[in-house]
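In: how does the following fold in three dimensions:
(one chain, ligands or ions: 1)
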Amino acid sequence: MFLALDQIGLRYPGAAQAQQANSPSSSQAMARGQRRGAVEALSLSLVSGQIGVLIGPSGCGKTSVLRCVAGLERLHSGRISIAGEVLADAAMGRHLTPEERRIGMVFQDYALFPHLSVADNIGFGLRHLSRPARAARIQEVLDLVGLAHAAKRAPHQLSGGQQQRVALARALAPAPRLLLLDEPFSSLDVDLREHLSQELRAILKASGTTALFVTHDQAEAFAIGDVVGVMHQGSLEQWDAPYDVYHRPATRFVADFIGHSVFTPGRIVQSEQGPAVLTPVGSLMDAEACALASAYPGGLCDVLLRADDIIHDDLAPVKAQIERKVFRGADFLYTLRLSTGERLMAHVPSHHDHHVGEWIGIRADVDHVVTFAKQASVVE
Ligand SMILES: Nc1ncnc2c1ncn2[C@@H]1O[C@H](COP(=O)(O)OP(=O)(O)OP(=O)(O)O)[C@@H](O)[C@H]1O
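Out: Model (predicted):
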């Protein structure tokens, strides 16, 4: 492994971690004196050239992980290494300074020097090079980010997106072993974010840079990452290919956090073709991955149904009433209620424009059947 975080933990001195404030179970744990840290026993790894993305709700510890890797925080526990070199090891008391780590960083506020040209901003970290070598490297990264024409401009003469590309070029210029990016596009508008996230991936791949990226935005995470990690209360719940995070969520939290979905009650039975899950929208099969009936008492479980698993089909025998609808351009996000009371969500093409209160036919088309142990909060 190129980058390895092994069971890292971080506690901010004297901080009551805000992330736990809304969680009854954690406040009980805190009352028992088991206060959790901002990062708890978190492990992840990247091979050289891979892009990892951390997502999770506000306060879950994403930035704290980057700060640990950058060397801005001392580990409470665990170990971080790059290409076999140990950067930090809590047990050994080892902690390399940020400068010693040779890691690049790009943050939300581009923090370009306003009085320096684009080229001089990029050359700032290259003062150890000879003048010609520095000029050549500046040209190289300007070409990489598509800003060769803007070398002599001042940052304020560039758009937000261009400024962020300069910040990226500046971070890439010293050829860091690893690049850390913390919500670099969060102050940009949605269209630009989408465009820049594709561009960023292409730039990182072209330069063979290993990167760890933090975002709130799931679409951005899926567009950029080779591996996506979902964090919750300081822990990493899943670290996996984007496809698997979406289709094979490892925990109930990941299933709930990613995409639009609901949990609906189900019962797993053994059929001739394998296990089948009986749900209010019909029987679901996934011979490859479905849990066996014996996995849960009486086979009773909660089934994950994503909005894109529910198809609007007027010929379907199952009917649902539209409770809410949100126009999203290409489709509507319908919140539906079955006559038995269960709620579902469905992405429906926007030319299927039905009124709130109308009953429509639906069926489930589920490739990956994901089940969890029953939880009392699911409407029966
Ligand atoms: N310097 C600090 N001192 C004390 N507590 C801190 C400090 N920085 C962060 N925390 C706390 O640590 C927890 C994790 O914060 P962190 O910034 O890593 O979360 P995040 O997932 O990046 O959040 P966001 O998405 O809102 O930026 C939060 O409860 C936060 O309040």
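In: what residues does the stretch 201-350 of the chain put near the ligand?
Out: The interface of the stretch 201-350 of the chain toward the ligand, taken as CB under 6 Å from any ligand atom, is made up of residue 216. In this view, the C-beta of every residue, glycine as well, is placed from N, C-alpha and C.
In: how about the helices of the stretch 201-350 of the chain, start to end?
Out: If DSSP state H, counting those that start in this stretch is used as the criterion, the helices of the stretch 201-350 of the chain fall at 218-224, 242-247, 252-257.
In: can you list these in CSV and add mean pLDDT and mean neighbour count?
Out: Supplementary listing: the helices of the stretch 201-350 of the chain in CSV, determined by pLDDT from 0 to 100; neighbours: other CB atoms under 10 Å:
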stretch, mean pLDDT, mean neighbour count
helix 218-224, 93, 19
helix 242-247, 95, 18
helix 252-257, 95, 20
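In: to residue 50, which of those helices lies closest?
Out: Ranking these by proximity to residue 50 (CB to CB) places helix 218-224 first, at 11.3 Å.
In: which outside residues touch the closest one?
Out: Outside helix 218-224, the residues within contact range by CB atoms under 8 Å, 6 or more residues apart in numbering are 51, 53, 55, 185, 193-194, 197-198, 200-201, 213, 215, 228, 242, 246, 258-259.
In: drop anything exposed from those residues.
Out: Neighbour counting by 16 or more other CB atoms under 10 Å classes 51, 53, 55, 185, 193-194, 197, 200-201, 213, 215, 228, 242, 246, 258-259 among the contacts of helix 218-224 as buried.
In: may I ask which two of those residues are separated the most?
Out: Counting by CB to CB, the most remote pair of the buried ones among the contacts of helix 218-224 is 200 and 259, 22.6 Å apart.
In: which ones are touching whatever residue of the stretch 251-380 of the chain ends up closest to the ligand?
Out: Proximity of the stretch 251-380 of the chain to the ligand (CB to the nearest ligand atom) peaks at residue 257, 12.4 Å away. Neighbouring residues of residue 257 by CB under 8 Å, 6+ apart: 55-57, 230, 232.
In: how about a markdown table for those residues, with pLDDT added?
Out: Below are the contacts of residue 257 laid out as a markdown table (pLDDT from 0 to 100):
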| residue | pLDDT |
| --- | --- |
| 55 | 97 |
| 56 | 95 |
| 57 | 94 |
| 230 | 98 |
| 232 | 96 |
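In: any weak-confidence spans in the stretch 251-380 of the chain?
Out: Under the criterion of pLDDT under 70, the regions of the stretch 251-380 of the chain flagged as low confidence span 287, 376-380.
In: actually the stretch 51-200 of the chain, not the one I wrote
Out: Low-confidence segments of the stretch 51-200 of the chain (pLDDT under 70): 110.
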